[in-house]
Each structure stands twice: as structure tokens, then as C-alpha cells.
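J.: Coordinates for the following, if possible.
(2 chains)
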Amino acid sequence: MARYIPAEIEPKWQAAWQEAGIFRAERDPQRPKYYVLEMFPYPSGRLHIGHVRNYTLGDVVARYKAARGFSVLHPMGWDAFGLPAENAAIATGVHPADHTYGNIAEMKEQMAPMGWSHDWSREFATCDPEYYGQQQAMFLDFLEKGLVYRKSAMVNWDPVDMTVLANEQVIDGRGWRSGAEVERRELTQWFFRISDYAEDLLAALDGLENWPEKVRLMQANWIGKSRGIELYFQRRDGAGEIVCYSTRPDTMRGASFIAIAPDHPVARELAEKDPALADFIAECRKGGTSEEAIEKAEKLGYDTGLRVAHPLDDTRDLPVWVANFVLMDYGTGAVFGCPAHDQRDLDFARKYDLPVQNAFYLPGQPVEVENEALVPPKSEKVAYIDHFTGLEEATGEEGINAAIDWFEARGLGKGKVQYRLRDWGISRQRFWGCPIPVVHCKSCGVVPEKKENLPIELPRDVTFDQPGNPLDRHPTWRDVPCPACGKPAQRETDTMDTFVDSSWYYARFTAPRAATPTSAEDVDYWMNVDQYVGGIEHAILHLLYSRFFARAMHECGHLPAKSVEPFDALFTQGMVTHAIYMSEGEDGRPVYHYPEEVELRDGRAFLRESGNEVQVIPSAKMSKSKNNVVDPLRIVERYGADTARWFVLSDSPPERDVEWTAAGAEAAHKHLGRVWSLSERIAGMEGAGSGDEDLLRAMHKTIHDVTMAIESFGFNAAIARLYAFTNTLQKSKAGADTQRQAMRTMAQLMAPFTPHLAEEIWARQGGEGLIASAPWPEADPAMLVEDTVTLPIQINGKRRSEITVARDLSREEVEKLALADQAVERALDGQAPKKLIVVPGRIVNVVI
RNA sequence: GCCCAAGUGGCGGAAUGGUAGACGCAGGGGAUUCAAAAUCCCCCGCCCUUGCGGGCGUGUGGGUUCGACUCCCACCUUGGGCACCA
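T.: Numbers count the residues shown, from 1 in each chain, chains lettered A, B, ... in the order given. Here you go, the predicted model:
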């Protein structure tokens, strides 16, 4: 009997698949297509266990769909632009391209042993000039269609390094290298008009039935549609009005101040004559641009001295404050503060001693607000106080509608639908990204590059010895003749956000070598992505940008109308986590230990060297600095790829985080060994036996259950069913032919998960051809129906007994049998039950 | 701060509103073995009980229901995102 040696069988079958060319996707009008895509990786150079999980999930789907007769497209490539390569260039002097392509080669080598069914003939990296050149062509198309424009926007500025920082590079309000306090600085930048599509992007979420509900909800909240009103407040200095946006105009009675953004034109105007205000505005610019930083910052205000009229009472004045929590990007950059019904306004009012006045009470509870704002849901009824519209008791919704009508009728405001979604700023002041293909000319202004000059390639001869973007100081790359007038001009040196690269790669995979961004024949056949698989961390930005980009591509003729929603189904996986082993060093700081240094006994952890106990922090995100990163390559070396694949799928539901444990991998390997020995034993069997029918029933039940589980991404449940079937088969006394049939079926059901082992068993059990090309087994419905059914009997909702009855026994008969049950008789003690509930085929509940 | 999600034995987890704990790990007992490894069999939520049996139990507190891990409300904890990390 041969032993299970993955190192021998895995390379063998990988070579066989390659020889047969079965993963190469071809357009086949005879067959339905299926496009399964995993979010492509950033080439860090190290394959992470999270990648293993992601690509194995996609691989199960790809292999299953192939067995189901689909023509499968399952491509792989590289999201290759980005900050890390530039940081490496700064640290080591190696060109980002060399760094990136080196990493790609390494990662590809690490991916090969996993046995994933990717079609590598379609591989590309977003930093290939052939790819980003097409992206530049689309940028020009977008420009022509008016989908791109320039405007001024804030960036994080490091005043010591004199450079723009990514949000990630701002730590506690300071630059990560210089440690200097970061400030916000204005730059003219390029924007995509995603906010023009806000309504469409929101409305179309309803159609994405095969997306997780939580992702749709997060996107909807991100787009943030609200109905409100723009209100006009007349300045007492006679210099016009300040327009505020409000979603709660019904609370106008409680308005006690106007707050405007530090960047509001009125603030700038007043600052010209008020140095203290100018200082305050400068103070507000401290800190990063991230919403988190702005929201968490201390709420600061400055009374400008300017007053506006209260719209409900011309004799009342409202002070105009500049406040750092008001965003110029949202609404009109000005709000009216109503402390009684907004917690932030209330905190602000208490801090600066501004009046607090209720606009409504809860019905029957006329209590003035103290330190907690009264903010009931808009659907709830409130008792308005002396309301300007005449309303008394009404819901917030009704109050808002009445208020909007009231203000509009008097010309004091205009109802407006507002979105939180902002236009997408794509300018990056960095080298390692797709160059924006425009030229700045003194006479012609911003001039698009000619398409025949694309791709505008990044130069090779650059150095990273000073901060900032080397393109800015590269004269031969930067200085070019104007494409329009031919006079000396300068290239745009900003590059595109890497999210642009990943917003259309799925479309490029359908025709990766096409001379245009896409080819009509190929997108018509292959789009849309039938199943997209990736991390939940991309739930908003990447997916929203991709949805926008697909719409824009459609308008420019690069995608058909059916593809404006490019991902038919989405699955978001959880993270792979690992325990952290920690002890305290001599200096009192934590010391992290590698899993290999630690021995586990009775749920406690000890250092192998010293025997000292260490602290275990379970289930933490893998992080290099915590020494808890598991290298998938070592698992593959030790147990084989099938074990790694089986384990990442087995324990946890794919959407949830999974903790990597050495014991779990060991267990997975043990089980595969068991399946192997079972197969070897069955291969040598001869003759008839008993219980063939039972084994076949169990087999069909397993086919049914595993198929259903795969269809619903319940891979852990599918694997549990396969464990159970292994136990059944192991104990079966059925004849040799039946056992062999059961074993072949098991191999088929396991093939998407452990394809190498499945091939080997298939070959040894006399299966024809490659299991990877064999059709999926079908469950016989007749074999799934049981003659009898066991019903639990509950007394007052607690399980107390059970009865086994014929499947189609009438309700009356079941009732009779249930009442005759010993446990029920004892509980009833001669009384009649209050109620008797029979759910046919499920349960009986006797209520006493 | 805001948005979203998740919390079930010692552990990972299973369960269309219908037997809570499938399947696996760890643990205990046994078989096999000169011995060990490997393999196989049995037990395994907590508490009370010799046993039969009973009580409690799905983060916490309420609610809906004949029946709630599942639905509703509030809270706690952990994780993801917050527009220049990818």
C-alpha cells in the first residue's frame, strides 16, 4: 500500500494540468461562460496566508464551475503601483520597477505550488506600460466627455520634509519620518466626477442581489443621500447672505449660531481685516486631512463678530462662528447650530456659552435639554413648541417637510437633495504611478497628450535621494513641446491614485493584449464578473470606484451597457489571524516570540528554550512587528498544498476571520492521510458485501449537501459533510464495486478543495481522464427521501421525548401518537393540553 | 467621532423561527504494540443526582412567540472602513 506523499503527487498533477491546458480560458459560444475573479494582489514579494485563503476560495468556485460545464475565466495579475516600491527606492536606491518586477517573480514562484487554476496566459501588472498606456487613453476619453476636471483640494503637508504625505504616513498628527506637525495645504488636483453618479450608484445597489447586504449598506451610507434645504441668512453688515445647508430646518426655533468652515469664503474675507481670525484659521489647518482626524480633533470655534438675522424673527441676531468641525466639502460649508437637537452643537454651545433652546419636546415630557441633545429618530412623533408652520404633534419627517415648504414659500430657502459622496481626487504627488497624460502650456493652458504618443512612460533615470516626486526635477522627462502649439511646455508630474489601476483590471483581463483598453467581442462574451472574491476592507472604496469606472467606460464605448455593474456576485472573506506570544523584556517593553519558539501545553504557552510561560493573545491580525505571521510556504513544504488548502477552508465560514493554528493544519493533514489510506484499502478490495443501499444513500445525500454548500459559499460546511462521509465509508461493509463508486464520488467532491489528492485517487480508482475535466456528480432525488422521520416532542418548548413515524403520517395520527408518549402522559397527568402544535416533518410541541 | 459587522463548550465552529453544540481540535478511557509512533473504538457544555432524572445555558438586560443562537429595542466587547495604505 503506497503512502500519501504530497511532494510527489502535487507537482505531477500540476504538470498534467498544464500539459492539458485546461485552465486556459477560450471563448466558446457552445458553452455558458463563468468569470471568477479574486482581488489581485499587491506584489509585496511574500505570499501571505490571506492570499492563500482568497485564491483558494476563488479556486473552489472556478474548479466547481468547470466541472459544471462552464467555460471558466480565472485570471491573475498584479496591482503593482504604489507607495511601498517608492519607499524601498528611498531606502535602498533600487528603481521601483526593478523592485516591483522582482517581487512579482518571487510571488509567482510562491504561488505555483498551490495548485490554483489560474490562467496565467492573461497575466499583467498595472505598472506594465501596455496596461497604464490604455489607462491614459481612457483618461483622455474621460477628459473629452467632461468626466475629469481640476480643482483645488487639501493634502497633508509635512513642513520639514517639504512633501505631501499619505494619510497612512500621518501618525498622531505628525509626519512619520520627520515627526513634524502635519498641516493641510491646498493644491490644484485632478478629479473624477463620481458625485454626478451618486444617485445612480445608490439606486443600482438594489439590483446587486448577490452582494452582501452589509456591503450595500456601507456603500449607501457612504454615498449618504439626504434631503434638506439651503437657507439664506442675511448678513447684518449688509454684505449679502450666508447660505447654510440643513437637514433639520424644523428645528430653526432652536438655532443659536451659524458655523462656517475655516475655508469658507466669508471666513477668508473676514480674516483679511481680523488677524486673530487669520491665526485661528491657520490653527485649524493643523493636523491631517483624514475624516477621522478632523472628527476626533477638539472642537474649536471663533466668534467673527459678524451677525445674521434669524429667519423666523428679524429682531433676533445669530452670531457667525468659524468652527473647525464644519467641512467645506459638504453642503455649503456653513450650518446653523441647534444645540438642543445636535450633540456636537450642544457641546460647542456649552463650551462657548451659547444659548440652548428646544424646538420640540418628546410628547408629554416638556423638559429642556441640559447636556444631552434630544435627537429622536425622524420617524418618531415629537411635540413642537410654538412652531412656525403651525404644527403641534408630528413626526420629525413631517416637521422637516412642512418646514421646507414654509421656507420655500417665503423665499427664505430652497429644498435640496445632498450627497455625502465627494468627487474622486486622483492626483498623487508621487513617482510610482500612472502618469497623467496632459501637458501644461503657458499659452494653451492644460493640453491633453495626443493618443498616438501614449503610453507616456515613467523614466528609468531617476533618483530618490531627496524628498518629493523625482518627476518634478527630471528636466528631459518633464520638459516637452506643447502638443497643441509646439512651444516649450511641461508635463503634468502628478500620477494617478492606484485605485484607478484597480478600477478596470477586471475588464482588461478579458482581452489583456488588446490594442485598445478592451475588445468588444471579449467583453461581450466574458463580462460581467460572475463571482468576485476579496477582502471586506475593500467594501467601500475599491468597489465604489470600480462601479463608477465601469459607468464611465461604458459612456466612452469601452464596456457594454450590461457591464455598468461589473460584478454580478460579490463574496467578502474574513482575515486569517494568529495568536501573539508575548512576554515582558528587561526594559519592561513587550517582546514578541515566533510560534516556532513556543510550545503549547494545556492551553498555555511556554518558551522552548527557557521553559518560561508567555502570554497568549488569541486571534490577532498578522503583523510582522508582532512576529505572528505564518508563512504559507512552510506549511506547503511540510504538509503539501492540499493540506494548506483544506485547512484554510475547513474550520471557519469564509466570511469570518479564521485563526491559523498549527494543530489545525496537523489535523487537516491527518484527515487527508486517512482518506488516502481508505482509498488504498478500497482499491484492493474484491467481492460483494452488505449495506450497499445504505452507502449509496449516504453518497447521494453527501453529493446533495456538498453541492448546496459550495453553491452558497459554505465551504466549511461542505468539508464537514466530507468528514462525515469519510467516517461512513470507513465503516461500510458494502461490496467492492459500491465502495469504489463511493470513493470516486468522494474524490470528485473533494476535487475543488484538494485537487491533487483527488486526481491521484481518481486515477487509482480507475477514473477516466483528469478529474479536473470530469463532470460534477449528480444526486439522485429518489435516493434522498427517507421513509420515516424522527420528530422531537417538546413540552412547553423543551425537548422531552421523540417519536419515529412514517414520513407522510397524517397530522391527526401524529397528535395521537404524541399524546400517547410516556413523557407527555407523565407531564399531562390526566389533564388535556392547552395547545398542541404539530409542524409536519419537523416537531411536536405540547403546551400545558 | 461617524458607518458596518461579529460575539455559541477548553478551542475553531454547526443549526430554512422548530432536538443548541453537526464536523474538527484539545482532553479522558480503552484496543493494538515488547515499547513507542501511527491507527482504531468509546466518552466529552456547566451544575445537582449512585442511577433514573432534573436545573441552567448561544456577550449583557428587556421584549415578541406555542417555541428565539435566529426577530425587535437598549447596552458591552472585539474587528473592518473613514476618501492619499492596498
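
J.: would you list every one of the helices in the stretch 101-250 of chain A?
T.: Secondary structure of the stretch 101-250 of chain A by DSSP state H, counting those that start in this stretch: the helices cover A:129-144, A:198-203, A:213-223.

J.: Does the shortest one reach RNA strand B?
T.: Just to be clear, that refers to helix A:198-203. No: Helix A:198-203 stays clear of RNA strand B (CB under 7 Å from any atom of the strand), getting no nearer than 9.5 Å. Where C-beta positions appear, they are placed from N, C-alpha and C, glycine not excepted.

J.: Point out the other helices and strands that that helix packs with.
T.: Applying 3 or more CB pairs under 8 Å, 6 or more residues apart in numbering; DSSP states H and E, one finds that helix A:198-203 makes contact with helix A:213-223, helix A:541-555.

J.: Just tell me which of the ones you listed ends up closest to RNA strand B.
T.: RNA strand B sits nearest to helix A:213-223 of all the helices and strands packed on helix A:198-203, at 3.4 Å, using CB to the nearest atom of the strand.

J.: List the buried residues for that closest one?
T.: A:Val215, A:Arg216, A:Met218, A:Gln219, A:Trp222, A:Ile223 (16 or more other CB atoms under 10 Å).

J.: now swap in stretch A:786-797 and tell me
T.: In stretch A:786-797, counting by 16+ other CB under 10 Å, buried: A:Val789, A:Leu791, A:Ile793, A:Gln794, A:Ile795.

J.: right, and A:Phe548 touches A:Leu201 too?
T.: Yes: if you go by CB atoms under 8 Å, A:Phe548 and A:Leu201 touch, sitting 6.6 Å apart.

J.: how many neighbours does A:Thr661 have?
T.: A:Thr661: 18 surrounding residues under other CB atoms under 10 Å.

J.: cool, A:Leu757 as well?
T.: The local packing of A:Leu757 (other CB under 10 Å) involves 30 other residues.

J.: residues contacting it?
T.: Shown in contact with A:Leu757 (CB atoms under 8 Å, 6 or more residues apart in numbering): A:Tyr4, A:Pro6, A:Ile9, A:Asp642, A:Leu672, A:Val675, A:Trp676, A:Ala747, A:Met750.

J.: In three-state terms, label it for me.
T.: Assigned with DSSP: H, G, I helix; E, B strand; the rest coil, A:Leu757 falls in the helix class.

J.: Looking at it now. What's its pLDDT?
T.: A:Leu757 carries a pLDDT score of 96 in this model.

J.: Secondary structure element for A:Asp405, which one?
T.: helix A:396-409 (DSSP states H and E).

J.: neighbouring contacts of the helix or strand just after that helix?
T.: As assigned by DSSP H and E, the chain's next helix or strand after helix A:396-409 is strand A:413-418. Contacting residues not belonging to strand A:413-418 are listed as A:225-232, A:245, A:247, A:249, A:311, A:330-331, A:404, A:407-408 [CB under 8 Å, 6+ apart].

J.: what angle do strand A:413-418 and helix A:396-409 make?
T.: Counting by axes from the mean of the first three to the mean of the last three CA atoms, to 10 degrees, strand A:413-418 lies at 130 degrees to helix A:396-409.

J.: close to RNA strand B, is the lengthiest helix in chain A?
T.: Criterion DSSP state H: the longest helix present in chain A is helix A:662-683. Yes: applying CB under 7 Å from any atom of the strand, one finds helix A:662-683 touching RNA strand B at A:Ala663, A:Gly664, A:Glu666, A:Ala667, A:Lys670, A:His671, A:Gly673, A:Arg674.

J.: what residue ranges in chain A score low on pLDDT?
T.: A:1, A:577-609, A:611-630, A:659-660 (pLDDT under 70).

J.: In the stretch 451-600 of chain A, which residue sits closest to RNA strand B?
T.: Of the stretch 451-600 of chain A, the residue with the smallest distance to RNA strand B, taken as CB to the nearest atom of the strand, is A:Glu537 at 3.8 Å.

J.: what residues are shared contacts of A:Phe548 and A:Leu201?
T.: Contact criterion CB under 8 Å, 6+ apart; residues shared by A:Phe548 and A:Leu201: A:Ile194.

J.: The residue in the stretch 1-150 of chain A positioned nearest to RNA strand B: what's it in contact with?
T.: Of all residues in the stretch 1-150 of chain A, the one sitting closest to RNA strand B is A:Gly82 (3.0 Å; CB to the nearest atom of the strand). By CB under 8 Å, 6+ apart, A:Gly82 lies in contact with A:Tyr42, A:Trp432, A:Gly433, A:Thr498.

J.: So which of these sit within helices?
T.: Counting by DSSP H, the part of the contacts of A:Gly82 found in helices is A:Thr498.

J.: and the contacts of A:Gly82 near RNA strand B, which?
T.: Near RNA strand B, judged by CB under 7 Å from any atom of the strand, the entries from the contacts of A:Gly82 are A:Tyr42, A:Thr498.

J.: could the contacts of A:Gly82 go into CSV alongside neighbour count?
T.: Converted to CSV, the contacts of A:Gly82 look like this (neighbours: other CB atoms under 10 Å):
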residue, neighbour count
A:Tyr42, 21
A:Trp432, 28
A:Gly433, 28
A:Thr498, 22
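
J.: Widest-spaced pair of the contacts of A:Gly82?
T.: Pairwise distances across the contacts of A:Gly82 (CB to CB) peak at 13.1 Å, for the pair A:Tyr42 and A:Gly433.

J.: Quick one: name the residues of the stretch 451-600 of chain A near RNA strand B.
T.: Residues of the stretch 451-600 of chain A lying near RNA strand B (CB under 7 Å from any atom of the strand): A:Asp497, A:Thr498, A:Phe499, A:Ser502, A:Ile536, A:Glu537, A:His538, A:Ala539, A:Ile540, A:Leu541, A:His542, A:Met575.

J.: What is the neighbour count of the residue nearest to A:Ile49 when sequence neighbours are not counted?
T.: Closest residue to A:Ile49 apart from its sequence neighbours, by CB to CB, 6 or more residues apart in numbering: A:Val576 at 4.6 Å. By other CB under 10 Å, the residues close to A:Val576 number 23.

J.: would you list every one of the helices in the stretch 351-500 of chain A?
T.: A:396-409, A:475-478, A:498-501.

J.: most packed of the ones you listed?
T.: helix A:498-501 (a mean of 22; mean count of other CB atoms under 10 Å).

J.: Can you dump the C-alpha atoms of it in CSV for me?
T.: Taking C-alpha atoms only, helix A:498-501 is exported to CSV below (Å, rounded to 0.1, in the frame of the first residue of the first chain):
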residue,chain,number,x,y,z
THR,A,498,-3.6,53.4,-7.6
PHE,A,499,-7.3,52.9,-7.1
VAL,A,500,-7.6,54.0,-10.8
ASP,A,501,-5.5,51.0,-11.8
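
J.: Pull the number of nearby residues for A:Gly486.
T.: A:Gly486 - counted by other CB under 10 Å - has 10 other residues nearby.

J.: can you pull the contacts of it?
T.: By CB under 8 Å, 6+ apart, no residues touch A:Gly486.
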